[in-house]
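Undergrad: When you get a sec, could you give me coordinates for this:
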Amino acid sequence: MSEIVRRDPRREWIMRNRLHPEHLEVLAESGGGSSPCEWPGPNGLMRRDPHAVGFIGPHGLRRIDRSGAQQAHAATSPGRPAEPAATRHHVEIESPAFLVAVAPDLPGGRLSSHDRDVLGLARQLADADPDNPGAVLAVVFGDHRESGFGEAGVDRLLHLSGDGFEGYAPEARLAALVAVEREFAPRHWLLPESTLGGGELGRRLAVRLGERPATHLWKIEASTEVAGGWLATLRGAAERVDIHRALPRLALALAECAEPVSEACHAARSVTLDQPLPERLTRIEDGGAVAVDPAGVALAEAEFILAGGNGVGDWDDFHRTAQALGASEGASRVAVDDGFMPRHRQVGASGTWVTARVYVAVGISGAIQHLQGIQRCETVIAINSDPGCEMVKRADLAVIGDAGEILAALVELTERTRHQPEENRDAA
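TA: Purely as a prediction, here's the structure:
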């Protein structure tokens with residue numbers, strides 16, 4: 001028999017195309033890679049997917065899939081049995097050895113992906129010693145709409161409501177955190193390193209407590225060579241240099257500092273402060289939010305994006321929908337090349353990488369460059385007539401049908417809800 005090794009170009013193409021439905025199966029059969037993010041190239045060199053879950057990039061940041069799509073795909077890969085959807089186990093910590101306090105930002109009244117990462121970091125600290133487990137205490141200010149604190153890893157929930165904590169109220173919130181410090185004495189304080197309030201509030205708290213905080217924290221590791229047993233890695237010099245130091249009591253953590261909690265549901269038991277809070281501080285008065293034209297918001301900074309692609313039949317209706325929803329407009333490369341949208345509104349690896357909280361893709365099939373550009377969006381909604389396109393597979397919610405009809409119904413529902421009395425909006 002001839003010793004010539006014959007190549008199968010189709011199988012090699014499938015191994016290189018991570019979006020192909022047989023990609024993981026061919027990888028497992030060939031044994032070419034140690035994980036779905038590695039495969040042999042045509043020249044025998046191992047290729048790695050820099051956008052795969054768990055990949056450590058050149059800046060030291062680890063890729064985290066927030067959509068659940070890649071985990072679901074991996075869960076059904078060969079060699080790994082499919083798990084039921086409800087695999088979370090309930091955790092109740094009756095007498096914790098210590099507390100790890102977290103003050104999440106809660107933009108829009110809900111936990112952001114950054115908040116969940118910080119809570120995942122808090123769980124890492126609390127669960128380090130199985131014999132003496134700690135508990136995660138979340139301090140929440142003002143009204144909120146979040147119901148999944150337990151799924152995010154919270155054991156104790158302190159909700160401080162009232163007009164004094166609404167809007168921009170750093171002094172009132174600082175006084176409350178100082179009261180929490182006196183009554184609960186947490187072992188660690190964690191806040192998001194963000195411009196939404198966590199960064200400022202954390203620095204104010206550090207000054208009040210006399211602590212030297214760890215800022216721009218993105219990773220912690222257990223170590224017996226430093227005080228406290230935890231080695232913190234911080235980003236310095238405009239995120240070009242890693243700084244290592246022992247983890248202090250107070251830290252401001254970056255996004256993707258840890259994996260968010262996904263396997264356990266904690267109690268999120270409500271707690272209260274025994275001592276009354278000081279009177280409301282009035283040196284700072286919040287004048288309320290300033291209206292901003294969504295069309296003037298840069299895509300990289302937009303929180304709500306309505307993006308159109310080749311499937312949009314009437315662009316005038318598309319613009320009216322974006323205006324009615326208060327969304328910033330985006331587009332696929334095809335729509336930009338056809339002249340329907342300006343170049344600075346192109347979303348994707350060849351355009352702008354976006355981090356919107358809500359991304360609505362209208363008539364976009366989902367080219368790999370576009371999917372790369374939206375991978376850090378929290379919630380992706382696809383409106384498409386093709387249920388088998390890649391954007392629908394990526395989306396957290398998909399609406400299958402004619403884009404024009406769906407947008408018209410969406411505008412009608414928005415206008416009807418907007419004119420309802422305030423007390424009836426939540427029910428609608």
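Undergrad: mind listing what the nearest residue to Ser332 once chain neighbours are set aside touches?
TA: Distances taken as C-beta to C-beta, 6 or more residues apart in numbering place Gly309 nearest to Ser332, at 3.9 Å, with adjacent residues excluded. Where you see a C-beta, it was placed from the backbone N, CA and C, and this is true even at glycine. By C-beta atoms under 8 Å, 6 or more residues apart in numbering, the contact list for Gly309 reads Ala331, Ser332, Val334, Ala335, Ala361, Val362, Gly363, Ile364, Ser365.
Undergrad: taking these one by one, which sit in strands?
TA: Residues of these located in strands (DSSP state E): Ala331, Ala361, Val362.
Undergrad: Is it possible to mark the buried ones in those residues?
TA: By neighbour count, with 16 or more other C-beta atoms under 10 Å, the ones in strands among the contacts of Gly309 hold Ala331, Ala361, Val362 as buried.
Undergrad: so the second one touches Asp386, yeah?
TA: Right, Ala361. No - look at Ala361 against Asp386 with C-beta atoms under 8 Å: they stay out of range, at 12.0 Å.
Undergrad: Next, format the buried ones among the ones in strands among the contacts of Gly309 as JSON lines and append distance to Pro342 and pLDDT.
TA: Below are these laid out as JSON lines (distance: C-beta to C-beta, whole Å; pLDDT from 0 to 100):
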{"residue": "Ala331", "distance to Pro342": "8", "pLDDT": "94"}
{"residue": "Ala361", "distance to Pro342": "18", "pLDDT": "95"}
{"residue": "Val362", "distance to Pro342": "17", "pLDDT": "94"}
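Undergrad: got a markdown table for those residues, with distance to Phe141 too?
TA: Output for those, formatted as a markdown table (distance: C-beta to C-beta, whole Å):
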| residue | distance to Phe141 |
| --- | --- |
| Ala331 | 38 |
| Ala361 | 34 |
| Val362 | 36 |
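Undergrad: Using the record's domain definitions, break the protein down for me.
TA: According to automatic domain parsing, the chain comprises the domains 9-75, 90-270, 294-425.
Undergrad: Confirm that Asn310 sits in a helix.
TA: No - under DSSP: H, G, I helix; E, B strand; the rest coil, Asn310 sits outside any helix and is assigned coil.
Undergrad: That one: what's its closest spatial neighbour, skipping adjacent residues?
TA: Val334 (4.6 Å).
Undergrad: And that neighbour, how far from Val360?
TA: 17 Å (C-beta to C-beta, to the nearest Å).
Undergrad: Comparing these two, which residue is more hemmed in?
TA: It is Val360, of Val334 and Val360, that has more neighbours when counted by other C-beta atoms under 10 Å, with 26 against 18.
Undergrad: Pairing partners for the more buried one in the sheet, please.
TA: Leu306, Ile381 (DSSP bridges).
Undergrad: Keeping just the C-alphas, turn stretch 270-278 into CSV.
TA: Taking Å, rounded to 0.1, in the frame of the first residue of the first chain, the C-alpha atoms of stretch 270-278 are listed here in CSV:
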residue,chain,number,x,y,z
SER,A,270,-32.4,40.4,52.5
VAL,A,271,-30.6,42.2,55.3
THR,A,272,-31.0,45.6,57.0
LEU,A,273,-28.9,48.1,58.8
ASP,A,274,-29.5,48.2,62.6
GLN,A,275,-28.2,51.8,62.9
PRO,A,276,-30.1,54.6,61.2
LEU,A,277,-28.3,56.4,58.3
PRO,A,278,-27.3,60.0,58.6
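Undergrad: How far off centre is it?
TA: Averaging C-alpha positions (C-alpha atoms, centre = their mean, to the nearest Å) puts stretch 270-278 31 Å from its chain's average.
Undergrad: just to revisit the earlier point, thought the residue nearest to Asn310 was touching Val312?
TA: No - counting by C-beta under 8 Å, Val334 does not reach Val312; the two are 10.2 Å apart.
Undergrad: List the buried residues for stretch 186-196?
TA: So, applying 16+ other C-beta under 10 Å, buried residues of stretch 186-196: Pro186, Arg187, His188, Trp189, Leu190, Leu191, Pro192, Glu193, Ser194, Leu196.
Undergrad: Quick check: closest non-adjacent residue to the last one.
TA: In this structure, Leu196 finds its nearest non-sequential neighbour in Asp105, 4.3 Å apart by C-beta to C-beta, 6+ apart.
Undergrad: can you check the fourth one too?
TA: Spatially, and ignoring its direct neighbours in sequence, Trp189 is nearest to Leu250 (4.3 Å; C-beta to C-beta, 6+ apart).
Undergrad: With the second one instead?
TA: For Arg187, the nearest residue in space outside its immediate sequence neighbours is Phe98; the separation is 4.2 Å by C-beta to C-beta, 6+ apart.
Undergrad: May I have the residues that are in contact with the one you found?
TA: By C-beta under 8 Å, 6+ apart, the neighbours of Phe98 are Ala126, Asn132, Gly134, Ala135, Pro186, Arg187.
Undergrad: In terms of model confidence, name the weakest of those residues.
TA: Within the contacts of Phe98, the minimum per-residue pLDDT falls on Asn132 (91).
Undergrad: If anything else comes up later, I'll come back, but that's it for now.
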